[in-house]
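Undergrad: okay, predicted coordinates and the sequence, questions at the end:
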Amino acid sequence: MARMKFICDADRCIECNGCVTACKAEHDVPWGVNRRRVVTLNDGIVGQERSISVACMHCSDAPCMAVCPVDCFYRTDDGVVLHDKDVCIGCGYCSYACPFGAPQFPTNGTFGLRGKMDKCTFCAGGPEANGSAAENEKYGRNRLAEGKLPVCAEMCSTKALLGGDGDVVADIFRTRVLQRGKGSEVWGWGTAYGKPSGGKPAEGSKA
Amino acid sequence: MKAGAVLAVAVGVGAALCVSGCGEQPQTATQRKVDATAYSGSTVSGFTEPGWKAGDKISWESQMRERNKGQNEYGR
């Protein structure tokens, strides 16, 4: 069983914003909404500056699902966290709960009206029929149903962003780290998918 | 006769106003829909990658794994 996950290799990301552009173009994401963003860490600190591409990580224990008052979220068999826009009331609770700032709200209506929540779908569309016009209009393309992976990861020029089956992407990243002998830190992995120690503090560390 | 016609029109207009609310779309939160699995395939066959069979879970997972390996330049 595939368990879909994202990894962003901060040692490789060159902040080209290609993933952001590809996502916007693939899904016709409206003005003012970015499902994916590139964030700079340690900005201005010489030798420590890193960039990472951030979107919904499709968490194992997603906080957005826990706080949604209308229960519009669901998880697919492949571990992708999706939501039903017909049920969403645009309350914004999920955006406060998400540690990655993934939920976005279009605000182009009258009086700055906040619309239905929009976020990365792991290119898996929504609850409408796979590949249908209704699904495309609300959620964008459904690449998983076409036998493809998320466009952001597939077109990343330096392959900093890896997306797909968690076991496979973790293996790819492990191979890289062994080859280069550094850069084993994976930003957001523990927050999204839990720590290898199962939440228990590592031996010798202060709780 | 004239008064009767006016009354009939008034009743008609009143009845129309009374039932106008029936045409409104419900705004209450509905239960979320059930999503189809990714391996069941897409209706857009033109964009679907060849090499796997829609509806066959094993075939789809194998396709995903192979596609995933394309991200590993050490394995090329």
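TA: The structure has been received and is ready for your questions.
Undergrad: alpha carbons only for contacts and neighbour counts from here, please
TA: Will do.
Undergrad: enumerate the residues of chain A near chain B.
TA: A:1-2, A:70-72, A:76-77, A:84, A:86-89, A:124, A:126-132, A:142, A:144-149, A:154, A:159, A:162-165, A:168-169, A:172, A:175-176 (CA under 8 Å from any CA of the partner chain).
Undergrad: for residue 69, grab the count of nearby residues.
TA: This is for chain A. 13 (other CA atoms under 10 Å in any protein chain shown).
Undergrad: my bad, chain B
TA: Neighbours around residue B:69, by other CA under 10 Å: 17.
Undergrad: ditto for the one 3 residues further on
TA: By the measure other CA under 10 Å, the count of residues near residue B:72 is 18.
Undergrad: leaving out chain neighbours, which residue sits closest to it?
TA: Nearest residue to residue B:72, sequence neighbours excluded (CA to CA, 6 or more residues apart in numbering or on different chains): residue A:172, at 5.8 Å.
Undergrad: name the next helix or strand downstream of the helix ranked longest in chain B, please.
TA: The single longest helix within chain B, with elements called by DSSP state H, is helix B:2-19. Counting by DSSP states H and E, the next helix or strand C-terminal to helix B:2-19 is helix B:57-69.
Undergrad: what packs against that following helix?
TA: strand A:161-165, helix A:166-180 (3 or more CA pairs under 8 Å, 6 or more residues apart in numbering or on different chains; DSSP states H and E).
Undergrad: JSON lines for these, including mean pLDDT?
TA: Below are those laid out as JSON lines (pLDDT from 0 to 100):
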{"stretch": "strand A:161-165", "mean pLDDT": "96"}
{"stretch": "helix A:166-180", "mean pLDDT": "94"}
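Undergrad: closest to residue A:21 out of the ones you listed?
TA: strand A:161-165 (13.8 Å; CA to CA).
Undergrad: alpha carbons of that closest one, as CSV, please.
TA: The C-alpha coordinates for strand A:161-165 follow below in CSV (Å, rounded to 0.1, in the frame of the first residue of the first chain):
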residue,chain,number,x,y,z
LEU,A,161,11.3,18.1,-3.7
LEU,A,162,10.4,14.4,-3.6
GLY,A,163,6.8,13.3,-3.6
GLY,A,164,5.3,9.8,-3.7
ASP,A,165,5.3,6.6,-1.8
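Undergrad: deepest of the helices and strands packed on helix B:57-69, which one?
TA: Across these, averaging neighbours per residue (mean count of other CA atoms under 10 Å in any protein chain shown) puts strand A:161-165 on top, at a mean of 25.
Undergrad: mind listing what the closest residue to residue A:169 other than its chain neighbours touches?
TA: Spatial nearest neighbour of residue A:169, excluding adjacent residues (CA to CA, 6+ apart): residue A:162 at 6.1 Å. Residue A:162 sits next to A:6, A:7, A:8, A:9, A:153, A:154, A:169, B:71 when contact means CA atoms under 8 Å, 6 or more residues apart in numbering or on different chains.
Undergrad: one more time with 6 Å
TA: A:6, A:7, A:153 (CA atoms under 6 Å, 6 or more residues apart in numbering or on different chains).
Undergrad: so can I have a markdown table of the residues you listed showing secondary structure and neighbour count?
TA: Output for those, formatted as a markdown table (DSSP: H, G, I helix; E, B strand; the rest coil; neighbours: other CA atoms under 10 Å in any protein chain shown):
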| residue | secondary structure | neighbour count |
| --- | --- | --- |
| A:6 | strand | 27 |
| A:7 | strand | 23 |
| A:153 | helix | 26 |
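Undergrad: export these to TSV and tack on pLDDT?
TA: Putting the contacts of residue A:162 into TSV (pLDDT from 0 to 100) gives the following:
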residue	pLDDT
A:6	96
A:7	96
A:153	97
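Undergrad: wait, which of the residues you listed is closest to chain B?
TA: Nearest to chain B, judged by CA to the nearest CA, of the contacts of residue A:162 is residue A:153 at 8.2 Å.
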